[in-house]
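[1] For reference, the sequence and a predicted model appear below.
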Amino acid sequence: MRDLLRDVRRWRRQGRAMALARVVDLEGSGPRDPGAAMAVAADGEVVGSVSGGCVEGAVVEAGLAVIETGAAGLHTFGYSDDEAFSVGLTCGGTIHLFLQRPDDELLDHVATIEAAVAAGRPVALATVVDGPGAGRSLLVEPGQPPAGSLGDPDLDRVVARDAEGELAASGTPATRRYGARGEAMLDDIAVFVEPFVPAPRMLIFGAVDFTAALVRVAKVLGYHVTVCDARPVFATKARFPLADEVIVDWPNRVLEKVGPDLTGRDAVCVLTHDAKFDVPAVVGALATPVGYIGVMGSRRTHAARVERLRDAGVDDASLARLHSPIGLDLGARTPEETAIAICAELLASRTGRTITRPLRETEGPIHS
């Protein structure tokens, strides 16, 4: 829903009635993951997408009906449904959408979410999508009292706790089930918890030719990108205009500052071949919980670097965290091709996939 915040607020200022549709659950293969959203205005204007085009027409009709009746509820589209082919959902999966006409409380939450996203603060929106009080929402921001209510103070407390836990972990939207007062192991109420977390970070050490290309690809993937090099003549904003930050400093000092805030969603890419630069960068990165550490260089360069890292006290378990030589074996040669190979490996690492063959030569579900 992050991409809809500005349009939803604009419609509110204009006094336009609207309906909000969100993917809250997915079974099997599906075109969009939970959290994908679409908003429909009473005059037919549409923003966002919940299926990449498969069921948008049907969702617009359902949204216009929700605007008229105000009845919030779940809508399901699946391959086995009689209408599956008529609406275009032929991927074999089932998607569950929650449609509602946003009330003033939810629209206030949207304004808070937009401000938090702009400031880089984590926040989560919890919405009852099935059971008593469908459509009620609770906004959870760490360090602040929750705003709104799901209808019961005990339920609010439990959901707020779980939402904060999700913000601290993967930040993945999910539907959770509770008893009416937040009891575990019951399914009286379904609550969709949608985290809004800051963009994942990529720290690139080394202001080299490959860096500019990696910055461009990483920005397309939504990363907040920092370029760092100790040489002021190379580490300039003019050379890396798309980078969010360009820092002139040694990597170990940068990592001492930002390392404690890095998470499994973040990445460190070391693109230098200078021992006095890349060894401190790798050692500093290994001291953090960052999810991906990639280091550029040939196999011979990597072997020599490993010896220097061992001399610096790095053990085998830590060495196993390194992706070096960096990137997937795609036959990349140019900086742009290499950047794609690096980001492809980063994506596979984040999703837990092992890439051995082209997709056309594999079997089983495309999406796990």
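    Thanks, I have the structure now. Residues are numbered from 1 along each chain as shown.
[2] Mark out where each domain of this protein begins and ends.
    Here the domain parsing of the chain from automatic domain parsing is 2-100, 119-196, 201-351.
[3] Can you check which of these gets nearest to His109?
    domain 119-196 (4.5 Å; Cβ to Cβ). Any C-beta I mention is one placed from the backbone N, CA and C, and that applies to glycine too.
[4] Mean confidence (pLDDT) on that closest one, please.
    Averaging pLDDT along domain 119-196 gives 92.
[5] roughly how far is it from the heart of the chain?
    Centroid separation for domain 119-196 versus its chain: 18 Å, with Cα atoms, centre = their mean, to the nearest Å.
[6] Show the end-to-end separation of it, please.
    12 Å (Cα to Cα, to the nearest Å).
[7] Also stretch 185-205?
    In stretch 185-205, first residue to last residue: 47 Å (Cα to Cα).
[8] Mind listing what's buried along that stretch?
    Neighbour-count burial for stretch 185-205, counted by 16 or more other Cβ atoms under 10 Å, picks out 189-205.
[9] Could you list which of these belong to strands?
    Using DSSP state E, 189-196, 201-205 are the members of the buried residues of stretch 185-205 that sit in strands.
[10] What number of residues are in the vicinity of Val233?
    If you count neighbours by other Cβ atoms under 10 Å, Val233 ends up with 9.
[11] From Cys269, how far off is it?
    Per Cβ to Cβ, to the nearest Å, Val233 is found 21 Å from Cys269.
[12] do the same with Leu214
    Remark: distance between Leu214 and Cys269 (Cβ to Cβ) = 6 Å.
[13] Between these two, which contacts overlap?
    The overlap between the contact sets of Leu214 and Cys269 (Cβ atoms under 8 Å, 6 or more residues apart in numbering) consists of 202, 204, 342.
[14] Let me see the contact set for the last one.
    By Cβ under 8 Å, 6+ apart, the residues touching Ile342 are 214, 217, 269, 294, 326-327.
[15] hmm, back to that, Val59: which of the shared contacts of Leu214 and Cys269 is nearest?
    Met202 (34.4 Å).
[16] where does the closest residue to that closest one other than its chain neighbours land on pLDDT?
    Nearest non-adjacent residue to Met202, counting by Cβ to Cβ, 6 or more residues apart in numbering: Tyr223, 4.3 Å away. pLDDT, Tyr223: 95.
[17] same deal with Val233?
    Taking Val233 on its own, its pLDDT is 95.
[18] Which secondary structure state does it sit in?
    coil (DSSP: H, G, I helix; E, B strand; the rest coil).
[19] is it fair to say Glu307 lies in a strand?
    No - per three-state DSSP, Glu307 lies outside any strand segment and is helix.
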